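A.B. asks: What follows is a predicted structure for the sequence shown.
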Amino acid sequence: MKPKPHLNESGLYDYAIKALGRHMRTEVELRRLMRMRVEPGDRGDAIIATTIARLKENGYLDDAAYAEIYARLRQQNEKLGQRRVSQSLTQKGVSKQIVTEAVGARYADTDEETLARQHLERKRIRKPTNEKETARVMRRLIAAGFSTSVIYKILRQWNVPDESLSALDNLEEDTPTE
């Protein structure tokens, strides 16, 4: 397979527009894609910087808008918790300040318990009947970004025995929240 030729500034701009047209991206993600299409070193970095500035100037690249849309879609469609959305945006390279503002605004008037119940319904997760199923439900809700207080509240309303809940106390520290 022949390597792709390095792009000049206008070629890279066209490439970036097409990449953004296929999939919404953060500045960090787009930089990573563009780095493979320019010559390595200072000259390539300068072309990338110029292209990024032009994309921002023309309104094609905006991490704040990306974060707002991403948070809205994850909340409305996937019923994910605030913690999970924040972590995902941070992993995508959005600055901490933008993540805090976008996610905070999106989840400000959200009832976390209602959202968690909607998530359970969306995933077709039913009331657990034993300790193993209770642990599975709790892990799923933690991974979806919900707080343990909301998770325990839901489990208690499902009349899960306190013995099962006390066995889960250390579960949050052991479970990755990706």
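C.D. replies: Here it is on my side, so go on. All values derive from a computational prediction rather than experimental measurement.
A.B. asks: burial of the closest residue to residue 118 other than its chain neighbours, as a residue count?
C.D. replies: Using CB to CB, 6 or more residues apart in numbering and skipping the chain neighbours, the partner closest in space to residue 118 is residue 79 (4.4 Å). From N, CA and C alone the C-beta is placed, and that goes for glycine too. Counted by other CB atoms under 10 Å, the residues lying close to residue 79 total 20.
A.B. asks: what's the neighbour count on residue 10?
C.D. replies: Residue 10 has 11 neighbours, counted by other CB under 10 Å.
A.B. asks: Assign a three-state SS to the residue nearest to residue 118, would you?
C.D. replies: coil (DSSP: H, G, I helix; E, B strand; the rest coil).
A.B. asks: For it, give me its contacts.
C.D. replies: The contact partners of residue 79, by CB atoms under 8 Å, 6 or more residues apart in numbering, come to 115-116, 118-119, 122, 144.
A.B. asks: ok, now with 6 Å
C.D. replies: Contact analysis of residue 79 by CB atoms under 6 Å, 6 or more residues apart in numbering lists 115, 118-119, 122.
A.B. asks: pretty sure residue 137 contacts residue 127?
C.D. replies: No - counting by CB atoms under 6 Å, residue 127 is not a contact partner of residue 137; they are 8.4 Å apart.
A.B. asks: okay, those two: which has more neighbours?
C.D. replies: Comparing residue 137 with residue 127 by other CB under 10 Å, the one with more neighbours is residue 137, at 22 against 14.
A.B. asks: Tell me where the longest helix sits in the protein.
C.D. replies: Using DSSP state H, we find that the single longest helix of the chain is helix 42-57.
A.B. asks: which helices and strands does that helix pack with?
C.D. replies: Judged by 3 or more CB pairs under 6 Å, 6 or more residues apart in numbering; DSSP states H and E, the packing partners of helix 42-57 are helix 9-22.
A.B. asks: buried ones in the helix it packs on?
C.D. replies: The neighbour-count check on helix 9-22 (16 or more other CB atoms under 10 Å) flags 12-13, 15-16, 20 as buried.
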